[in-house]
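*Asks:* this one's sequence-less:
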């Protein structure tokens, strides 16, 4: 049996708590308002590279958030509807996603070293600790 | 970022989960923007009020909070006049949701005064050198530029967090080094009234988020500065500007060589952008009219016959303070609405073309309400926009 190799990165802890799930990776930024349906967690933005994917219980990995500041509240709605991602990793987070993650208890880490973005594939199992900033690719 | 032992204990949750979340928001933003510490704020003004803007998602979050604000805190404009919403054509289901939002904020100890001009209703909310956590872009611009207070443009949750904790992270416009002008805006023609809105509309689009210093030949009043800043914050993201010889911090600075010159012809061109159809709404009071502006409107209305809907928005406190002026304005057929504005209310959406004296409304009404909009001076608005 192949030996399991856990790759560990350390980032900046932004939103506390920990979560584990399968990675869902976007190289494009995400606007939570208008691009994700809070009732089912589906990405509905026409032409987005993750269109048709579901963020629920995934570790959602994307460079940063864009769009309306109402996006923070949409993240809260996802959480209340149990359709939220289990954790988020950003390359460089910004206030909409940071505030949304904090009010929604979604762990969030950014600026990981080594850079998680170079090191991970969609479907990999990932553990994110938003209190310590540690990201483990299992 | 340095936190005092007391701030640390709030972050650790020793004063309950609501304050812990509030402190997490403030420190996370501090981390993102490289703040060194927190600073106490004198007041907050909280965005995220109109149901049109925040929807059920925002209502749900605010309703779930438990706590009490520790500094004077007021709200951004709501999506309707909280009492006279039926006259605006607002439907009952929207009104019910809007009132739920207001009640949720009131439960947190926030004053139910919904205005983009907090500085008109209570001078103690912002004085020179005060740190604030304000949200609405024109209020932020006025506080920074005209009053010389210090605030970033806060989002709804971060302003509310500051209200609950009484502090904000020390970055951006709280720091001297970010208040220095980096572009000069030179205007050699005389300006009056809505010219300042047109100037702001033009300047904001070129300046983006930089800090400008204006060299003007005219002497702007506080009303003119309000219009200039509001338009610049709408067409650009200007949160602080200086006017040589006028605004309180301007004299500390040299004018940068990098200069933007704005000509009379460019300002006239903004006024010349007219709707194809005749306007069917006059939208005044963006930002909310002051006592002086309402008095002027009242005088201009005497002896006039209006041929379309004329709406003016102001704050509830200002409307209450001048009942005779308001009575005269309304006797002339103008509707005076409070707590709301044309931009955040769905009531505007049903019109074909709006006439306004505001550079800010000129930018936002077409985008947010889908209504064509034309700029005119206050007196020309009342003449129906038939400007020669």
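*Replies:* Yep, that arrived. Given the structure is predicted, the values throughout are model-derived calculations rather than measurements. Numbers count the residues shown, from 1 in each chain, chains lettered A, B, ... in the order given.
*Asks:* and whichever residue of chain A sits closest to chain B, how many residues sit next to it?
*Replies:* Closest residue of chain A to chain B, CB to the nearest CB: residue A:73 (3.7 Å). No exception for glycine: its C-beta is placed from N, CA and C like everyone else's. Using other CB atoms under 10 Å in any protein chain shown, residue A:73 is surrounded by 31 other residues.
*Asks:* residues from chain B in reach of chain A?
*Replies:* Those residues of chain B that sit near chain A, judged by CB under 8 Å from any CB of the partner chain, are B:21, B:24-25, B:28-29, B:31-32, B:47-48, B:53-58, B:60-61, B:155-158.
*Asks:* so the residue of chain A closest to chain B makes contact with residue B:53?
*Replies:* No. Taking contacts as CB atoms under 8 Å, residue A:73 lies outside contact range of residue B:53: 9.8 Å.
*Asks:* mind checking which of the residues of chain B next to chain A land in helices?
*Replies:* B:21, B:24-25, B:28-29, B:31-32, B:53-58, B:60-61, B:156-158 (DSSP state H).
*Asks:* please enumerate the strands of chain A.
*Replies:* A:7-15, A:18-25, A:36-37, A:42-43, A:59-62, A:87-90, A:108-113, A:125-129, A:134-137 (DSSP state E).
*Asks:* most packed of those?
*Replies:* Highest mean neighbour count of the strands of chain A: strand A:87-90, a mean of 28 (counted as mean count of other CB atoms under 10 Å in any protein chain shown).
*Asks:* which residues of chain A lie near chain B?
*Replies:* A:12, A:14-16, A:38, A:69-70, A:72-74, A:76-77, A:80, A:93-96, A:98-99, A:102-103.
*Asks:* among the strands of chain A, which is nearest residue B:308?
*Replies:* strand A:36-37 (40.6 Å; CB to CB).
*Asks:* picking up where we left off before, ok, of the ones in helices among the residues of chain B next to chain A, which come out buried?
*Replies:* When those are checked for burial by 16 or more other CB atoms under 10 Å in any protein chain shown, the buried set is B:21, B:24-25, B:28-29, B:31-32, B:53-55, B:57-58, B:60-61, B:156-158.
*Asks:* related to what we said a few turns ago, okay, the strands of chain A in JSON lines with mean pLDDT next?
*Replies:* Converted to JSON lines, these look like this (pLDDT from 0 to 100):
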{"stretch": "strand A:7-15", "mean pLDDT": "95"}
{"stretch": "strand A:18-25", "mean pLDDT": "98"}
{"stretch": "strand A:36-37", "mean pLDDT": "94"}
{"stretch": "strand A:42-43", "mean pLDDT": "96"}
{"stretch": "strand A:59-62", "mean pLDDT": "98"}
{"stretch": "strand A:87-90", "mean pLDDT": "98"}
{"stretch": "strand A:108-113", "mean pLDDT": "97"}
{"stretch": "strand A:125-129", "mean pLDDT": "98"}
{"stretch": "strand A:134-137", "mean pLDDT": "97"}
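*Asks:* tell me which of those strands lies nearest to residue B:95.
*Replies:* Comparing the strands of chain A by CB to CB, strand A:36-37 comes nearest, at 26.4 Å.
*Asks:* and the closest one, what does it pack onto?
*Replies:* Where contact means 3 or more CB pairs under 8 Å, 6 or more residues apart in numbering or on different chains; DSSP states H and E, strand A:36-37 is not packed against any helix or strand.
*Asks:* in the sheet, who's paired with residue A:113?
*Replies:* residue A:10 (DSSP bridges).
*Asks:* give the contact list for it.
*Replies:* Taking CB atoms under 8 Å, 6 or more residues apart in numbering or on different chains, we find residue A:113 in contact with A:9, A:10, A:11.
*Asks:* please apply the same query to residue B:149.
*Replies:* Residue B:149 touches B:42, B:126, B:127, B:128, B:129, B:130, B:131, B:132, B:143, counting by CB under 8 Å, 6+ apart.
*Asks:* tell me the contacts of residue 26?
*Replies:* If you meant another chain, say so; for now it's chain A. Contacts of residue A:26 (CB under 8 Å, 6+ apart): A:48, A:49, A:50, A:60, A:61, A:62, A:63.
*Asks:* you answered for a different chain; I wanted chain B.
*Replies:* So residue B:26 contacts B:38, B:158, B:161, B:162, B:165, B:167, B:168, B:169 (CB under 8 Å, 6+ apart).
*Asks:* top of those by number of neighbours, please.
*Replies:* residue B:162 (36 neighbours).
*Asks:* please identify the helix or strand for that one.
*Replies:* Assigned by DSSP states H and E, residue B:162 belongs to helix B:156-165.
*Asks:* now that helix: how far from the chain's centre is it?
*Replies:* Put simply, helix B:156-165 sits 18 Å off its chain's centre (CA atoms, centre = their mean, to the nearest Å).
*Asks:* residue B:103: which of the contacts of residue A:113 is nearest?
*Replies:* Among the contacts of residue A:113, and counting by CB to CB, the member closest to residue B:103 is residue A:11, at 39.8 Å.
*Asks:* give me the distance between the closest one and residue A:106.
*Replies:* 15 Å (CB to CB, to the nearest Å).
*Asks:* so residue B:62 touches residue B:101, yeah?
*Replies:* Yes. With contact defined as CB under 8 Å, residue B:62 reaches residue B:101; the gap is 6.4 Å.
*Asks:* those two: which has the busier surroundings?
*Replies:* residue B:62 (25 against 22).
*Asks:* quick one: contacts for that one?
*Replies:* B:48, B:101, B:104, B:105, B:108, B:160.
*Asks:* cutoff 10 Å now
*Replies:* A:73, A:76, B:46, B:48-49, B:54, B:100-105, B:107-108, B:110, B:156-157, B:160 (CB atoms under 10 Å, 6 or more residues apart in numbering or on different chains).
*Asks:* cool, residue B:369 as well?
*Replies:* So residue B:369 contacts B:52, B:283, B:342-351, B:354, B:361 (CB under 10 Å, 6+ apart).
*Asks:* mind running it again at 8 Å?
*Replies:* B:342, B:343, B:346, B:348, B:349.
*Asks:* spatially nearest residue to the third one (excluding sequence neighbours)?
*Replies:* Spelled out, that is residue B:346. residue B:52 (5.2 Å; CB to CB, 6 or more residues apart in numbering or on different chains).
*Asks:* same question, residue B:245
*Replies:* residue B:251 (7.5 Å).
*Asks:* wait, isn't residue B:225 in contact with residue B:143?
*Replies:* No. Using CB under 8 Å, residue B:225 is not in contact with residue B:143, being 11.6 Å away.
*Asks:* surely residue B:235 touches residue B:209?
*Replies:* No. Contact criterion CB under 8 Å: residue B:235 and residue B:209 do not qualify, at 11.7 Å.
*Asks:* just give me the neighbour total for the residue lying closest to residue B:308 once chain neighbours are set aside.
*Replies:* Nearest residue to residue B:308, sequence neighbours excluded (CB to CB, 6+ apart): residue B:280, at 5.4 Å. When neighbours are defined as other CB under 10 Å, residue B:280 has 16 of them.
*Asks:* quick one: pLDDT of residue B:280?
*Replies:* Note for residue B:280: predicted pLDDT of 91.
*Asks:* quick one, what contacts it?
*Replies:* With CB under 8 Å, 6+ apart, residue B:280 has these contacts: B:308, B:309, B:351, B:352, B:353, B:354.
*Asks:* distance check, it against residue B:352.
*Replies:* Distance from residue B:280 to residue B:352, by CB to CB: 5 Å.
*Asks:* shared neighbours, those two?
*Replies:* Between them, residue B:280 and residue B:352 share no contacting residue, judged by CB under 8 Å, 6+ apart.
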